[in-house]
Structure formats: structure tokens, C-alpha cells
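# Sequence and computational prediction follow.
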Amino acid sequence: MKIATWNVNSIAVRLPQLVDWLKATQPDVVCLQEIKCTDDCFPAQSLSELGYQAVTWGQRTYNGVAILSRGPMVDARRGFPEDPGDAQCRLLDVMIGPVRVINVYVPNGSHVGSEKYVYKLAWLARLRRYFDESCSTNQPLVLCGDFNIAPEPRDVHDPVLWEGRILFSKPEREALRVIGEWGLVDVFRRHHSEPGLFSWWDYRAGAFRRNHGLRIDHLWATPALAGVSNSAEIDRNMRKLDRPSDHAPVIAEFMVNVP
DNA sequence: ATGGTAGATACTCTA
């Protein structure tokens, strides 16, 4: 199983890049974030022609998640069980063969101490509860997406500058650690230990050119599944294109067969 | 300490 996560920052703008990338990369499963469109506007037809089915949970303007798969997806769940009908579209959970795939777009949080920051920390606590209540560490499971948190100093281009700021504040890192403690392994870090490997670069101030980035897009797996991962890579080339997303795809391969 | 850019929508908000 080759699985990828990519915050596309508008599926409407990024569709041509996504199509070319699917042809070149040939993943079995793709988790998308920030599709920024409602389900009826999602380009399912274009992706179906490439052999991908889509499960989507989108809204206008903001947020929105989707999972693409070559094989059938069953038991789709959208959001937390306690979510109201007008909840922000940030969590999609499906079964693909034996593997459970959970795609998240964690709230950005805006600024430390803001109302959105409080919402982000509460959302992360709910995610941990979601695992406690409806998942098992014995099942092959991947949690992936835009976590909007860099876990460690080596995931930040300038940890001193970023310490205490949004995406790298201690409470955010702690909330992420608590989710991992449920029983998930950072698959990327099984294969790469060095600093300077990022998945997101701000559009502003030439951040990509200077490699002023953060590693905030993650692929985590339950231990047995993580143990059969062959590779994990960040596809920086997608950030070099004209009109890029501010995020690059993260891809992992597991020695597991999916339909 | 601030602003820089990009996307969607509609004359601003979010990231």
C-alpha cells in the first residue's frame, strides 16, 4: 500500500497538478486537506477516469477533506460522533481492505491564546478521545493529514524563533504527544532522523527558497503497520511548481496489500 | 514588531 497525504489548498486550483502527480506517483490511497469545496463540486469524475474513487467531506471556502482510493472504501465516518450538523469538515475515517485510514485537517489555531487556539487544543483532545473510544491499537490504522503542529525542534527551520508560536507552542506539542501516546508511530521518522526536512513553507517572504519550513504534515501508524513500512518521503518537487500549494505531499509505502 | 502571499468570496477572512 502506497499512501499519501497532501494539503492542496483548493482542489479547484490544484486539480491539474494532482492529476499529473497521481499519474507519476501511482499511490493506492491519497488523503487530501483544504479542498475548499462542497461535495457536489468535487472533481470526482476527473479522478474516476484515473481509477480513483473518492469519499469527500467538504464545505465552501474553508477546510474540507477527501480520501481517494483505487479500491473500495467502506464504513465512511465524517467528523466526531458528537459533532453538530454544521461542524467544520476536518475528519474523515474509512476502511480500505484491512486498513483503517483516518484523514485529519487539524485547526490552524491562528495565534497562541486566541479563540481559535483554544478550539485547536480542544479539537486535539477530542481526537485522542476518538481513538480511545472507537479505535484499537491492534488494528492496522493510519492517521494522516495536516496536523498544523511541528512535533520537535528538528522539525522547525529555526526552533528558537518558533518556540512558543503557533504551530510550535508547548501545549500544541503536548496535545500531539498525547495522541501519539495512544499507540501511533511517526512513520516518516522511522526512515529519516535528520533536521531540515519540511512539508510546509509559508507563501510569504521567500520561505521555500530559503527552506524556512516546518514539518507539520504527518503519517502515523499503529505499531505493527508502522513496522512493515518500507519508505516515507516528502515530495518537495510539488512545492517548486507554478501556483503551488504551500504544502508538499508526504508519501509512505507499507508491505500490506489493499484492494 | 511587522509584513510578506495565496485562495475564496464579495468589498474581508483564513492560513
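Sure, I can see it.
# What number of residues are in the vicinity of the residue in the stretch 1-150 of chain A positioned nearest to DNA strand B?
Ranking the residues of the stretch 1-150 of chain A by distance to DNA strand B (CB to the nearest atom of the strand) places residue A:10 first, at 2.9 Å. Glycine gets a C-beta too; all of them are placed from N, C-alpha and C. Residue A:10 has 15 neighbouring residues, counting by other CB atoms under 10 Å.
# where does the residue nearest to residue A:193 when sequence neighbours are not counted land in three-state SS?
Closest residue to residue A:193 in three dimensions, ignoring its sequence neighbours and counting by CB to CB, 6 or more residues apart in numbering: residue A:154, at 7.9 Å. Here residue A:154 takes the helix state, with states given by DSSP: H, G, I helix; E, B strand; the rest coil.
# any idea how far residue A:154 lies from residue A:229?
The spacing between residue A:154 and residue A:229, counted by CB to CB, to the nearest Å, is 19 Å.
# Who has more neighbours out of the two?
Comparing residue A:154 with residue A:229 by neighbour count (other CB under 10 Å), the higher total belongs to residue A:229, at 22 against 15.
# contacting residues for the residue nearest to residue A:193?
Listed by CB atoms under 8 Å, 6 or more residues apart in numbering, the contact set of residue A:154 reads A:193, A:194, A:195, A:196.
# In TSV, list these along with distance to DNA strand B and neighbour count.
Listed next are the contacts of residue A:154 as TSV, based on distance: CB to the nearest atom of the strand, whole Å; neighbours: other CB atoms under 10 Å:
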residue	distance to DNA strand B	neighbour count
A:193	27	8
A:194	26	6
A:195	21	14
A:196	20	12
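# Pick the one among those residues closest to residue A:36.
Nearest to residue A:36 among those is residue A:196, at 29.9 Å by CB to CB.
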